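1. Here is my input, please return the structure:
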Amino acid sequence: MPAEISWRYTLIPPKQWKRLADRAVANVEDESKDRAKAGADPDDSFEARREQAEQIKADNADDDLQPGMVGRLRLMVSAATPALLARAIKDVKAAMGDVQVEVPAQAALPLLLEQFPGESVGADLGSLSAGPAGGLALWGRYSDVYQPALGMLGSHNQVGDRIQIERGRALGWIGIPIGYVKSNGTVVHFDSHTQIGRGHGAGIAVLGQSGGGKSSFVMLMFFWLSESGVRCSVLDPKIDFAGFAYYIAFGPQVLDPGFMADADAGILGTPASRFQPVNREFWDDTEIVDLARGARGSQDPWRINDTFDDGYSLALDLTDVLFTDQAHRSIVRKALRSMSAAHKEATAAGRSFVCGYGDALSYIRSEREELEADYQSARTKGDTSTLRHARDEFDEVITRLENGERVPFLRLLLGKGTDPQSKDRRAHQRRVIYTMAGFTSPDHPENPELWTDKDRNASAAMLSVLSRMRRDNLSGRMGTNPTTGEPGIPPTAAFVDEGNMVTADAAGRGYLTVNVRQGRSLNSTLFFIDQQARGMQAIEKQASTESAEVNQFATVLAFKQRSKGEARSALAALRSSDDDVSSAEVDALARKLQAEEVGGLLRIGDCALRDPDSRVAVVTIDQMFHVLQRAAQTNPKLKAVDWANPVPTDPRDWDINPEALLRVRTNIAVAARTDPDLDEGSAGHQDRVDDIEGPSVGEDLEDELDAGRERTETPVAAGPG
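-> As a prediction, the model looks like this:
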């Protein structure tokens, strides 16, 4: 194995440094006197030491003491067997000359401890509190059980979060550990809000084929972010996030045949249901909205908004989506104006006024009755064709709204003032999941005239959801940190799964574009999850045309790609656009982003990660806990097996799942065993290969992806402590 060369520095506090320096200076002064008495010949090296001692003595004479640093050069070698280690030591001595080599026993723990982060990152380490208005601190320290497994905790962030100093202020922080660099086991930390805290774009693109591990990663982030106080909203076409939340909250009860019936009725966890959560606090802070089977009126424009005017504005927009015929729109708009007038009258009289979009039907019926009376009166006088046609128009609108109470998507919008009022929408929950089973984009998204009623219903429901997400995530309103009491913009995050489905909708594209363009200013990040890179690139292009900023997606994670074409697109998202690389090299590199079985380098759970500093590494994602791994299960055949396991009521009882960590160590060990000098006798020493650093599957991919990238590292100036 090659020798690892490093300078090891220790920062010494001012008072301790003065004591050490005073002793060292005294030793030099004593030696100087002895040399003078003995009449020693001049020595340039000693004179340099004496001058340095005088300078240190002068510095320490000041009242304003400064810290000091002690450094030493270390050459560290490791090998898989004692025989190979002895040979490596011999080679180092031959190359370096007269050097002292130590082979300490049981050195693993000291080497591990020295990699742990010191006080330089302080409370930022292991916390997801995104700035002054962040949420609850995730934990005060790493758990005792998992600490030895984390190894190099941020001492060398090869890729992922980092803290930079700008004009004396720390920007960014170190988020949770999400996995390991595949080639050397370095822990990767990631918090989506770190990138906007450092001035980068708000987007995180997660790309890859189904079954590659991208859903496991985004659900891991969804859990940690929401639990740390970040308000998370999810568009969930495949019901994966809903299943994740159901299992953590209710455990194996999710397998009961009657569970989803209570979920559809909206009574889970209430006295009306026999299903009660094992994690009550988690469930009480979670809302799941089923766009196809949800309760009538749950997304009514007035129910999801804080003011009548906001609800009225959304109701007008929904009317334009639901009704393409101008006559039909006019009928509904007139009813909405009547509701607005009633609201103003009630407000002026000091009365409350509660309404829903479904109440427009009663106003329309009243006008229909007046029209019927006019029609009957006109029958005795002459031509009634105009009135008859108007009556038919009203009947079509009434039929549409009456049937809408039983129709998927539309029924969610038709709330009424007499409905039981849900909790105050302004009391935001940590997690809101919008399941979209059965949702399909219109065949002609750019031509609403060709839409069916089903298309219009689905698009209107999507518009309502996006309006709510915009209000919840992109308000930019100041809040108060519940932990510190400090003011700031509370952090939010949006997760959009199967992004191509949302980008096919005009309102969806608009929301995504606004989020990536304005998210940095509004402290809101966007996780865009898709099988291909084209959707992400289209959003970034549209956002860039509306703003001078580029690189709206500061972080990209490319899981294994299905085809060569998709791999090339993902590769383009990972590399600079001005890379001077031949087509053959691009093809060879893109192949590495595919699965191992087709000649690639990525397994399930592996991804190529490009961070905001344009650093790239192959990372193995670690979900850490068995509960999170089971909850994120998307394989229908394995769900019944994983979800049959109980969920401890106290998260402190959750068991660690070491599978990802052991897999990374195995990769490194396998790479070490490919050394041609290893003989069959080395098998007895395989228990020692965990500490070996060396090339492994994925390292060459990291090197090539990193090649030619412009670094954006910001130097951190050393200053007085």
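2. rest of the way, CA atoms for contacts and neighbours
-> OK.
3. in the helix or strand containing Ala590, what counts as buried?
-> In this structure, Ala590 is located in helix 583-591 according to DSSP states H and E. Buried residues in helix 583-591, counted by 16 or more other C-alpha atoms under 10 Å: 589-591.
4. Kindly report the same for stretch 32-40.
-> Buried residues in stretch 32-40, counted by 16+ other C-alpha under 10 Å: Ser32.
5. Ok, stretch 361-374 next?
-> Within stretch 361-374, the residues that count as buried by 16+ other C-alpha under 10 Å are 361, 363-365, 367-368, 371-372.
6. So which residues make contact with that stretch?
-> 331-332, 335, 338, 387, 391, 394-395, 398, 401-402 (C-alpha atoms under 8 Å, 6 or more residues apart in numbering).
7. Now distance to Arg87 and pLDDT too, for the buried residues of helix 583-591, in a markdown table please.
-> What follows is the buried residues of helix 583-591, written out as a markdown table (distance: C-alpha to C-alpha, whole Å; pLDDT from 0 to 100):
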| residue | distance to Arg87 | pLDDT |
| --- | --- | --- |
| Leu589 | 36 | 80 |
| Ala590 | 39 | 83 |
| Arg591 | 38 | 83 |
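8. Can I get those in JSON lines including distance to Thr666?
-> Converted to JSON lines, these look like this (distance: C-alpha to C-alpha, whole Å):
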{"residue": "Leu589", "distance to Thr666": "24"}
{"residue": "Ala590", "distance to Thr666": "25"}
{"residue": "Arg591", "distance to Thr666": "23"}
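9. any idea which of these is the one closest to Thr380?
-> The shortest approach to Thr380 among these belongs to Ala590, at 79.6 Å (C-alpha to C-alpha).
10. Touching, that closest one and Leu574? I think so.
-> No - counting by C-alpha atoms under 8 Å, Leu574 is not a contact partner of Ala590; they are 10.5 Å apart.
11. Show me what the helix holding Ala590 is packed up against.
-> helix 564-574 (3 or more C-alpha pairs under 8 Å, 6 or more residues apart in numbering; DSSP states H and E).
12. what's the offset of the helix it packs on from the middle of its chain?
-> 21 Å (C-alpha atoms, centre = their mean, to the nearest Å).
13. domains of the chain?
-> 4-76, 122-200+626-706, 299-421 (automatic domain parsing).
14. Can I get those in TSV including mean pLDDT and distance to Asp290?
-> Listed next are these as TSV, based on pLDDT from 0 to 100; distance: least, C-alpha to C-alpha, whole Å:
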stretch	mean pLDDT	distance to Asp290
domain 4-76	79	55
domain 122-200+626-706	65	18
domain 299-421	91	9
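15. among those domains, which is nearest Arg568?
-> Checking these against Arg568 by C-alpha to C-alpha gives domain 122-200+626-706 as the closest, at 12.5 Å.
16. In a strand, Thr270, correct?
-> No - counting by DSSP: H, G, I helix; E, B strand; the rest coil, Thr270 is not part of a strand but coil.
17. Run a quick neighbour tally on Ala94.
-> 11 (other C-alpha atoms under 10 Å).
18. can you tell me the helix or strand for it?
-> Going by DSSP H and E, Ala94 is part of helix 82-96.
19. same question for that helix, mean pLDDT?
-> Here helix 82-96 scores 80 as its mean pLDDT.
20. just to revisit the earlier point, for Asp240, find the nearest of the domains of the chain.
-> domain 122-200+626-706 (6.5 Å).
21. Could you check how far the nearest residue to Phe217 once chain neighbours are set aside is from Lys37?
-> Nearest residue to Phe217 in three dimensions, chain neighbours excluded: Ile621, at 6.8 Å (C-alpha to C-alpha, 6 or more residues apart in numbering). From Ile621 over to Lys37 the distance is 67 Å, taken as C-alpha to C-alpha, to the nearest Å.
22. Good, we can wrap up now.
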